[in-house]
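[1] mind folding the following:
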Amino acid sequence: MTNQITDKKAISLYQPSNEVTLFTVKVKEDYAIGEDILTTPYLELNDRSIIDDENRGQMMFNAFVDTSIEDPSEAWEWRGTRSKARNKGIAMHANLTGNFLLPMFTAQNENDEIDRDFSEVMRDIIEWMASPTNSNYQSSFLQVVFGMITNPVTYLGAEFYECYQTIKEKQADGRYTKKEILDEVLSGFKAPIFSSSQILITNAYERNIQKQRVIIKRRYCEKSELEAKCGEHMNWEYVQKGIKSIYNDEDGLFYDVKDSEHPNLVIEETYLNRRDDTEVCFVNGVYMGAESVDNNPIRHRDNKGAPKYNVTPFGYSRIGEHFFYYKSMMNALGWDNMLYDAMSEIVMNRALLEVDIPLAISGTDKIDSEVIFPKSVVSFKDKDVKVSPLLPGSNMNAGFASLREMEQTINEGSVNETMSGQLPDKEQKAYSVANAQAQAKKMIGAVGKLLAESIVQYGDLMKDIALNHITVPEVDELVGEGMKLKYRTFLLENKTSAGKKVDKKIKFDESLIGLELTDDEKMSRSLKLLEESGYPEEKVTTRLVNPELFAKFRYLTKCDAEEMFAKNAEYWQPVLSALSQQLAMNPFVDQEWLTRKLMYAFFQSEGDDGIKKQSDLPQINPQQNTSFNAMVRGKQEGRVVAGMV
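    Numbering: from 1, shown residues only. Prediction:
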């Protein structure tokens, strides 16, 4: 939006109303502030700008080496990188992404009373949203952690769209007709990634992104993709690939400016002002908002109707007390990595000279590669011929010792070799290895806490989408003059419930709205769900939810950083074996649950085969035995959630 206008004859056909023009001028001013923040050198980044630091970090992680050689006499020298910072970055990424982090929730009503059932339902819905079949969250999570390693900030967006596409449908007579259907690729919950330069802010010293006066999101994409979102807008006809419409302050007109770097794409720039509750999209500089600029509310809102910015910043390490941007891992290891590469270049080039040493020859005899080879025996005609090395012998041990010292420094600032998956040297003592691992885990834990902090913020955005879009009813069919609404049913496959691997089903039941259920009525419905699931050999657990109450609760987001560290079967086997012995007689422990956990640690999905079936145990009449009813109240196989109003 701030390109230079060089051709005053290229007046654009796009000339909006005075109201839109004045708004565009305001957006252009905020756009300039955001770009100035990205290009200003900061002391916190060693007098580098945000864009420069991002480019430096990505070049270091991608092991960039300038191989251009101007002097042929230096072509023999080794120029490269040992990629120490890159290797540490990959090891850090592996440790941080051992599990896909997801937020947890605490549901509170208007009296600040906690409801465990609604808390678990919200967690399950968020897990459903994050599954690969429903969104790109998992792939974006992996990418955002890579961004923490290379960039001063990386943003993860939370968006929900309903986009339609035109398809051709063959009729019975062989002709084709056009039909509008939901575009499954562009619709639904999406988690896009934005780099440091794709989000513009207005205050570099305010960490809370929700307190930024304005943010501007920008990205290049295909024109056809945006046509699904904006194709029906009255200004869409002015959008051209590779041509931007730029406002000129001198004469108040819009001009067409060629985008030579992206001739086949268009740029989507979304202006958001939370305090003014304004969100407007520009495509190649063309306004795509409502006819009145005052009628452009922010799309993302919480369940109380308050607007929010729908992006969350992620970073590796904080800088100072107020600086918005982060220090990336490549920034933290940059100087050590460059010193290590510089020393490697010196040592390796000297080693090349030591192996194939240059010679000084005096005399008339010809001495070259024809006579210099292993085990060669040469006699000289000239008795005065001399062959001597040009360079004196050197102590290579000092160079390699320096490299080991620098490598140790890099390990201390990141992840040690053992945490990276390499075996320790045989000379190292077990205590030293364990101590190094503990220190490295502390380092990872510190980064993990920042990651968890961002996940909490992102969880708030996911929760808003769940309440405003995912769990709301859809129109099923028209009935007379009214509409029949239908709630979505959620299915999570292969989940743990009461120690078993089962499929969990969450069903929002409109029949619960307005009902006041007694404990006995809840119990009756729970027993019916148990019967429908095939108890005691059930494979699917069902939970009925009152949609009206679910939407009224307030959900507090939290995240456990320990979830980053994946615990495999080798970890759980000794832990569960010891627990099963220690808690065998404990009346407060569900022995069936503990047994199933132990069997699964050793035999995975076949663990259930080694556990006695309920039919082999003494039979109990569920309708007459109160202890069985008490057991059902605590089980998860079937439950009516919050039927009380």
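[2] could I get the full set of helices for the stretch 401-550 of the chain?
    For the stretch 401-550 of the chain, the helices defined by DSSP state H, counting those that start in this stretch occupy 430-465, 519-532, 547-552.
[3] least reliable of those helices going by mean pLDDT?
    Least confident of these, judged by mean pLDDT, is helix 519-532 with a mean of 72.
[4] tell me what that one is packed against?
    Counting contacts by 3 or more C-beta pairs under 8 Å, 6 or more residues apart in numbering; DSSP states H and E, helix 519-532 packs against strand 540-545, helix 626-634, strand 638-641. Quick note: C-beta positions are derived from backbone N, CA and C, even for glycine.
[5] pick out the shakiest of those, pLDDT-wise.
    Looking at these, the bottom one is helix 626-634 with a mean of 48.
[6] show me where the stretch 1-150 of the chain has strands.
    For the stretch 1-150 of the chain, strands defined by DSSP state E, counting those that start in this stretch occupy the ranges 104-108, 114-115.
[7] which among those is found nearest to Thr81?
    Proximity to Thr81 (C-beta to C-beta) singles out strand 104-108 among the strands of the stretch 1-150 of the chain, at 41.3 Å.
[8] using CSV, write out every CA atom in the closest one.
    The C-alpha coordinates for strand 104-108 follow below in CSV (Å, rounded to 0.1, in the frame of the first residue of the first chain):
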residue,chain,number,x,y,z
MET,A,104,-6.8,-27.3,28.6
PHE,A,105,-9.8,-25.5,30.1
THR,A,106,-11.6,-24.8,33.3
ALA,A,107,-15.3,-24.1,32.9
GLN,A,108,-16.8,-21.6,35.3
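[9] mind listing what the residue most central in space within the chain touches?
    Nearest residue to the geometric centre of the chain (C-alpha atoms, centre = their mean): Phe141, 2.1 Å. Counting by C-beta atoms under 8 Å, 6 or more residues apart in numbering, Phe141 makes contact with 97, 100-101, 156, 191.
[10] over to Asp256?
    Counting by C-beta under 8 Å, 6+ apart, Asp256 has contacts 10-12, 240, 243-246.
[11] let's have the residues you listed in CSV, adding pLDDT and neighbour count.
    What follows is the contacts of Asp256, written out as CSV (pLDDT from 0 to 100; neighbours: other C-beta atoms under 10 Å):
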residue, pLDDT, neighbour count
Ala10, 85, 14
Ile11, 91, 14
Ser12, 92, 20
Gln240, 94, 19
Ile243, 93, 18
Lys244, 93, 24
Ser245, 93, 26
Ile246, 93, 21
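[12] what's the separation between the nearest residue in space to His469 that is not next to it in sequence and Arg299?
    Leaving aside its chain neighbours, His469 sits nearest to Phe160 (4.8 Å; criterion: C-beta to C-beta, 6 or more residues apart in numbering). Between Phe160 and Arg299 the computed distance is 8 Å (C-beta to C-beta, to the nearest Å).
[13] before we move on, what about Gly98?
    Relative to Arg299, and taking C-beta to C-beta, Gly98 is found at 34 Å.
[14] what's the answer for Ala158, then?
    Distance of Ala158 to Arg299, given as C-beta to C-beta: 11 Å.
[15] give me the common contacts of these two.
    Taking C-beta under 8 Å, 6+ apart as the criterion, Ala158 and Arg299 both touch Asn310.
[16] neighbour count winner among those two?
    Applying other C-beta atoms under 10 Å to Ala158 and Arg299 shows that Ala158 carries more neighbours, namely 26 against 16.
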